[in-house]
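**Q** Requesting a structural model of the entry that follows:
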Amino acid sequence: MDEAMEGQQPADPDEVRAHLARFVGTWVGQGVGDYPTIDRFEYQEELRFELESDYSLLRYEQKTRLANGDPSHWEFGFLRCLDDLSIEVSNVQESGRVEVLRGTLGIVEEGLKLELESVALGNDPRLEGTRRSLALNGDRLHYTAHMCANTLDTPSMLPHLEAWLDRRE
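**A** Predicted coordinates:
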């Protein structure tokens with residue numbers, strides 16, 4: 001996340017919220033997962049963002065299934081704009097893990113780019129850090145997730161997931 005953010009940053013909280021609203025909808029597609037301690041896998045995903053205007057935030061739900069149809073991952077969370085115009089994502093996952101990530105929303109020529117890094121992790125002693133990137137280009141959403149786990153001899157932030165989703169509604 002130390003890389004320079006392309007494009008410009010929104011100027012005020014209302015502009016941030018207006019840009020975040022562009023994520024609203026249901027997104028479906030495919031992804032791949034990998035990490036040194038697991039076998040590579042493919043999955044199907046549905047990701048839904050809903051605007052919670054009374055609370056000035058987005059609510060999301062993410063569900064994935066492995067290529068054979070077995071459930072794989074399920075998480076719920078919230079995206080909100082903080083006073084300093086950074087974005088905070090908090091989520092809870094079916095495994096019991098909880099995360100809080102913070103980062104920036106960039107306005108880029110192709111659309112929007114959200115870069116996030118974990119600031120708090122709970123209920124998963126293996127995990128030392130996470131990083132997520134979401135790039136929105138019209139009706140196409142691409143994301144990556146990296147993680148650092150103490151299950152490796154030398155823990156370091158490594159790629160874990162990558163998915164390409166299309167807006168369904």
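**Q** Show me the beta-bridge partners of the nearest residue to residue 141 once chain neighbours are set aside.
**A** Closest residue in space to residue 141, ignoring its immediate chain neighbours: residue 165 at 4.4 Å, by Cβ to Cβ, 6 or more residues apart in numbering. For the C-beta atoms, the positions are set from N, CA and C on the backbone; glycine is no exception. Judged by DSSP bridges, the bridge partners of residue 165 are residue 29, residue 141.
**Q** separation between residue 165 and residue 10?
**A** Taking Cβ to Cβ, to the nearest Å as the measure, residue 165 falls 23 Å from residue 10.
**Q** now do residue 152
**A** To residue 10, residue 152 is 37 Å away according to Cβ to Cβ.
**Q** Mind checking what secondary structure residue 95 has?
**A** Under DSSP: H, G, I helix; E, B strand; the rest coil, residue 95 falls in the coil class.
**Q** who's in contact with it?
**A** By Cβ atoms under 8 Å, 6 or more residues apart in numbering, the residues touching residue 95 are residue 124.
**Q** where's it relative to residue 161, distance?
**A** For residue 95, the distance to residue 161 - Cβ to Cβ - is 14 Å.
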